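> Here is a sequence with its predicted model. Questions after.
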Number of protein chains: 2
Amino acid sequence: MNFLRASGYRLLLFLVFAAEVPSAQSGKVLVFPVDGSHWVNMNILIKVLHEHGHQITVVRSASSWYIKEESPHYKSITVTLPEPINIEQEDFFTSFLSKMLEIQKNGWSPLGLVKFYMQMLTNLHKMHQQSSHLVVEIFENLDLMTQLSEERFDLVLIDPGLPSGVMVAHKLKLPMVYNVRWITSGEGHSVVAPSPISYVPAPGSLLSDHMTFRERVKNIFYYSMNRYIDHFIIQPEYDKLVARYFEPDTDFFHLLQSADIWLIRSDFIFEFPRPTMPNIVYIGGFQCKPSKPLPAELEAFMQGSGDHGVIVMSLGTLVKALPSEITSEIAAGFAQLPQRVIWRHIGERPRNLGNNTLLVKWLPQNDLLGHPKTRAFVAHGGTNGIYESIYHGVPVIGIPLLFDQFENMLRLQVQGAAKVLDVTKLDNHSFLAAVQEVLHEPSYKENMQKMSRLHKDRPVSPQDSALFWIEYVMRHKGAAHLRTDSYKMPWYSYHSLDTVQKTEI
Amino acid sequence: MNFLRASGYRLLLFLVFAAEVPSAQSGKVLVFPVDGSHWVNMNILIKVLHEHGHQITVVRSASSWYIKEESPHYKSITVTLPEPINIEQEDFFTSFLSKMLEIQKNGWSPLGLVKFYMQMLTNLHKMHQQSSHLVVEIFENLDLMTQLSEERFDLVLIDPGLPSGVMVAHKLKLPMVYNVRWITSGEGHSVVAPSPISYVPAPGSLLSDHMTFRERVKNIFYYSMNRYIDHFIIQPEYDKLVARYFEPDTDFFHLLQSADIWLIRSDFIFEFPRPTMPNIVYIGGFQCKPSKPLPAELEAFMQGSGDHGVIVMSLGTLVKALPSEITSEIAAGFAQLPQRVIWRHIGERPRNLGNNTLLVKWLPQNDLLGHPKTRAFVAHGGTNGIYESIYHGVPVIGIPLLFDQFENMLRLQVQGAAKVLDVTKLDNHSFLAAVQEVLHEPSYKENMQKMSRLHKDRPVSPQDSALFWIEYVMRHKGAAHLRTDSYKMPWYSYHSLDTVQKTEI
């Protein structure tokens, strides 16, 4: 009763505020997405903007993998790259994974480690090369530049994982909003907010915010390596462009740091607490929504599981197929369970598949995770799937494969909401034991449901926050008062080192 | 039209979210306020909580100045201090101001500067002594402690400017929410968020976020002085209590840093952009509301001003009266204006008062600032008045007198929304010139109205945010996931200095 009053009150206040806020005209938004799973959530944001009357133009490459040329929600500008490298093909990541597994299987020898990073860096470099080629194609196409300029966009919405859009936004002198989790070599915050290395784990370090002394030393190593990658692998790719197309003394990282609003795809239910900035808005889980009813056939399968319930498995969009020696171990593990299993599986059908396991090429993941019969989720740890499991309160068995999946899973593990497996060591016994632990140890479900309650308890939903702040930048033509210029200081001034030196002289 | 749709959508999303959020039971809140102008806004928060069905208990001292024993909105617990010092008497601040003016009038000699700070530190120390006596009185009163414990409060709401409530909350093992702008020697952020001294101005420094090299050196000086005050003047007062009443190795600053939510009474329309933390919520201006109609007599006075309009003047609640040599200069300045003036003035009536000037003992400040005839506000720069002028978009002539008023005014000045005067150099010419500049140079009003638009354009009102997060802490019994424990590290570990040393050995 009291809460109803409180809601009513909040509603009233909300309306009072809404009425005083200047109206957002129908805006024009230029979008620079990143392909693959990143596109999945950028596309959700685009649909929301479209539904609110904004006009969207998406820049895509002709060899794009997920980003379609035609859509009811956006116009597109297709740029043909002179030497399209195959990063936008599904096989790219699948073969990347095979190589990574190969290296890991041989143990973490120093040589293995070097190979692992060389492989990773080579691919990272390729992706940024592609992104920089995109900028050249746009800047050198004078008709296109005139067209972009005459469109009078209100803002550029960018996934700065590949920052080609940043260059174009600056050339067009337009405000920028980022839809971001990863940027250059680090997590979004690392570029825009102070990140004390004593308690903010560096990407790749697989550390939490509570570190022993040895772990802090390890964290410094990873932090330094990320800075190295930024400055010696990524920055040169864009410095060439900056030198060619911008005023002298323009710094690529300053361009990158000057976004008006950073919509960061996480929140502090999932992420460790850490410093943030006034122009950061947390939209983690903005893609989540209540589940819809399943197709009749799938619903029948779910109901047929009885009290045992169902396990859902999907390893995401990036990797086409796991090697068959791994899938057969998983299949054998599943076969020993009384639960039913729905497994999104592409590639060769494991020979030892149990009768309880249904293979599908695609599954309505959100609707399955929200189904009352679902007991656990076997996942790779992409942010989209992680947030869907948090939203629906479904505990996770994690099989991280690439990139940020390891640290995403770590965050669920620290909260006691996931059991994480090493894919290189996985066999049917260890897999079965992990699944059973998550099913039968109540703390996994309890912890995930606590995360779910906390995640949903915010004054404005993540999707609504994203929309509000994009329209805010339209209304006020930027948000300069929310961002610091301090990144423009030389690093020794930022850290006040010059004052020490000069004061002492 | 588009905006209406957007509002409707936000409304819908809001309702969906509100429906999923666990209900906040009627909660029990124990409040430790700070007297004077701080109480004015704490009391507003108390009323809001009371209106939402929560039960409030306020702890006050028997010699309290503003905090009444009886209220329709709260119960009170009155603690009698053994040697009440006179900080809670109006004369305290008036005589403090006289001494400060005396020192400043003689110019900023090194001796003057020392006297100024000795005076300030003596008073600061007295206030903290009083706050620490309050804790002793509570802890030594076993009946009271039993009563507090048996009340089973949900949280303690504290203005940590004087942190007695922090000790009590820890003793009772209760979650803490702060309603804060100033804490110990610094601004609230300084205790809870990274504050790089290269662009975050230290309290007292009167610097902005863009500093020259010399200013950065000056900032380090003020930063160091504040740390000195923290550790040698304030902390010892509470360390005595901590040693007496808490486990060994308890650190006063750790107790202070462990609040679940920091409701900070500013926002980034007013404050310079700077790092923040996940458990900080900005509620600057939460006391502001649309103006109500004026009493008939006052309305007639306003309308009688014709096109010239009215100037409103108030120097707040802290100082009873300015010295008469200053008020007579102000009166002479006002007398030369075609505008009418409403002046909240206590004390001797200036002899040279113009016919255009109405003296009042109290004025409905918010209703006057929201009145269409109001052209400018002559103010001392307390946060309450500053936010009312931002809310209503009224440009300011600033006469800061004490404490944070100087830096509050600086923030309006940097935005081009206020002209600031030095009270020790004020004469009728300089005063008149300042008022005329603010009246006739359109940028003052335009800048203030821009601030007003930005201040009001947020997804949830500041008051509503405050209520939401207080109830959030009730619902979840704290907000541990939003706060870092990193303050528990030794400073050399926090700054990773130990890793350098040990790694090099």
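Yes, it's here.
> Over to residue A:72. Which of the three states is it?
Following DSSP: H, G, I helix; E, B strand; the rest coil, we place residue A:72 in the coil state.
> From chain B, how far off is it?
Separation of residue A:72 from chain B (CB to the nearest CB, to the nearest Å) stands at 18 Å. In short, each C-beta sits where N, CA and C put it, glycine included.
> what's the closest non-adjacent residue to that residue?
residue A:50 (7.9 Å; CB to CB, 6 or more residues apart in numbering or on different chains).
> Read off the pLDDT value for that neighbour.
We have a pLDDT of 97 for residue A:50.
> Just the element for it, please.
Here residue A:50 sits within helix A:37-51, counting by DSSP states H and E.
> next structured bit after that helix?
Counting by DSSP H and E, what follows helix A:37-51 is strand A:55-61.
> residues in contact with that next one?
A:26-33, A:46, A:49-50, A:67, A:69, A:71, A:73-81, A:84, A:88, A:130, A:134, A:138, A:151, A:153, A:164-165, A:168 (CB atoms under 8 Å, 6 or more residues apart in numbering or on different chains).
> Is there a quick PyMOL command that grabs whichever of the residues you listed are buried?
Typed into PyMOL, the next command selects the buried ones out of those (criterion: 16 or more other CB atoms under 10 Å in any protein chain shown):
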select buried, chain A and resi 27+28+29+30+31+32+33+46+49+50+67+74+76+77+79+81+88+130+134+138+153+164+165+168
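> show me the contacts for residue A:43.
Residue A:43 neighbours (CB under 8 Å, 6+ apart): A:33, A:73.
> ok, so what distance separates it from chain B?
Residue A:43 is 18 Å from chain B, where distance means CB to the nearest CB.
> and the gap between that residue and residue A:408?
For residue A:43, the distance to residue A:408 equals 20 Å [CB to CB, to the nearest Å].
> can you check residue A:132 too?
28 Å.
> out of these two, which sits in the busier spot?
A count of neighbours by other CB atoms under 10 Å in any protein chain shown puts residue A:408 above the other of residue A:132 and residue A:408, at 27 against 21.
> Not counting sequence-adjacent ones, nearest residue to the more buried one?
Nearest non-adjacent residue to residue A:408, counting by CB to CB, 6+ apart: residue A:381, 4.3 Å away.
> Could you check the pLDDT of the one you found?
Reported pLDDT at residue A:381 in the predicted model: 92.
> Now for it, how many residues are close by?
27.
> Check the one 10 residues further on too.
For residue A:391, the tally of surrounding residues (other CB under 10 Å) stands at 22.
> Mind pulling up the pLDDT for it?
Per-residue confidence at residue A:391 stands at 98 (pLDDT).
> Secondary structure element holding it?
Using DSSP H and E, the element containing residue A:391 is helix A:383-392.
> For the helix or strand following that helix, what is the distance to the chain centroid?
Reading on from helix A:383-392 to the C-terminus, the next helix or strand found by DSSP H and E is strand A:396-398. Relative to its chain's centre, strand A:396-398 lies at 18 Å (CA atoms, centre = their mean, to the nearest Å).
> now swap in stretch A:61-76 and tell me
On CA atoms, centre = their mean, the centre of stretch A:61-76 falls 20 Å from that of its chain.
> Low-confidence stretches in chain A?
The model of chain A has pLDDT under 70 over residues A:1-24, A:84-93, A:104-108, A:317-320, A:500-505.
> Residue for residue, what is the longest helix it has?
helix A:110-140 (DSSP state H).
> Give me the buried positions along that helix.
Burial within helix A:110-140, assessed by neighbour count using 16+ other CB under 10 Å, is assigned to A:115-116, A:120-121, A:123-124, A:127-128, A:130-139.
> Not counting stretch A:238-253 itself, show me its contacts.
Residues contacting stretch A:238-253 (CB under 8 Å, 6+ apart): A:128, A:132, A:135-136, A:139, A:163, A:167, A:170-171, A:191, A:230, A:235, A:255, A:487.
> buried stuff in it?
Applying 16+ other CB under 10 Å to stretch A:238-253 flags A:238-239, A:241-242, A:245, A:252-253 as buried.
> what's the farthest-apart pair in those?
The span of the buried residues of stretch A:238-253, defined through CB to CB, is set by A:245 and A:253 at 16.1 Å.
> For residue A:286, which three-state class applies?
Classified using three-state DSSP, residue A:286 is coil.
> show me the contacts for it.
Contacts of residue A:286 by CB under 8 Å, 6+ apart are A:41, A:44-45, A:265, A:461-463, A:465-466.
> Next: residue A:202.
Residues near residue A:202 by CB under 8 Å, 6+ apart: A:186, A:190, A:219-220, A:222-223, A:225-226.
> Likewise for residue A:199?
A:209-211, A:272, A:274, B:484-486, B:489, B:494.
> Of those - the most surrounded one?
Within those, residue B:484 tops the neighbour count with 23 neighbours, counted by other CB under 10 Å.
> Let me know whether that one touches residue B:258 as I believe.
No: Residue B:484 sits out of contact with residue B:258 when judged by CB atoms under 8 Å, with a separation of 10.3 Å.
> before we move on, back to that, show me what the helix holding residue A:391 is packed up against.
Counting contacts by 3 or more CB pairs under 8 Å, 6 or more residues apart in numbering or on different chains; DSSP states H and E, helix A:383-392 is packed against helix A:37-51, helix A:365-369, strand A:374-379, helix A:405-414, helix A:442-456.
> what sits up against it?
Contacts for helix A:383-392 (CB under 8 Å, 6+ apart): A:37, A:40-41, A:181, A:265-266, A:269-270, A:284-285, A:287-288, A:291, A:314, A:316, A:365-366, A:369-370, A:374, A:377, A:379, A:395-396, A:404, A:408-409, A:411-412, A:417, A:448, A:451-452, A:455-456.
> hang on, the earlier thing: identify, from the contacts of residue A:286, the entry nearest to residue A:339.
Taking CB to CB as the measure, residue A:339 lies nearest residue A:41 of the contacts of residue A:286, at 29.6 Å.
> Leaving out sequence neighbours, find the closest residue to that closest one.
Residue A:41's closest residue in space is residue A:287 (CB to CB, 6+ apart), at 5.1 Å.
> can you check residue A:407 too?
Of all residues not flanking residue A:407 in the chain, residue A:206 sits nearest, at 6.1 Å (CB to CB, 6+ apart).
> Shouldn't that neighbour be within a strand?
No: using three-state DSSP, the assignment for residue A:206 is coil, not a strand.
> Distance-wise, check it relative to chain B.
18 Å.
> Show me the strands in the stretch 201-350 of chain A, by range?
In the stretch 201-350 of chain A, the segments counted as strands under DSSP state E, counting those that start in this stretch are A:261-264, A:280-282, A:310-314, A:340-344.
> Please work out which residues outside the last one touch it.
The contact list for strand A:340-344 (CB under 8 Å, 6+ apart) reads A:298, A:301-302, A:304-305, A:308-315, A:330, A:334, A:354, A:356-363, A:365, A:368, A:378.
> Check the first one too.
Residues from elsewhere that reach strand A:261-264, judged by CB under 8 Å, 6+ apart: A:177-181, A:188-189, A:192, A:277, A:279-284, A:465-466, A:469-470, A:472-473, A:479, A:482.
> what subset of the residues you listed is also close to chain B?
By CB under 8 Å from any CB of the partner chain, the members of the contacts of strand A:261-264 lying near chain B are A:277, A:279, A:465, A:472, A:482.
> Narrow the contacts of strand A:55-61 to those in strands?
Mapping the contacts of strand A:55-61 onto strands (DSSP state E) picks out A:28-32, A:75-79.
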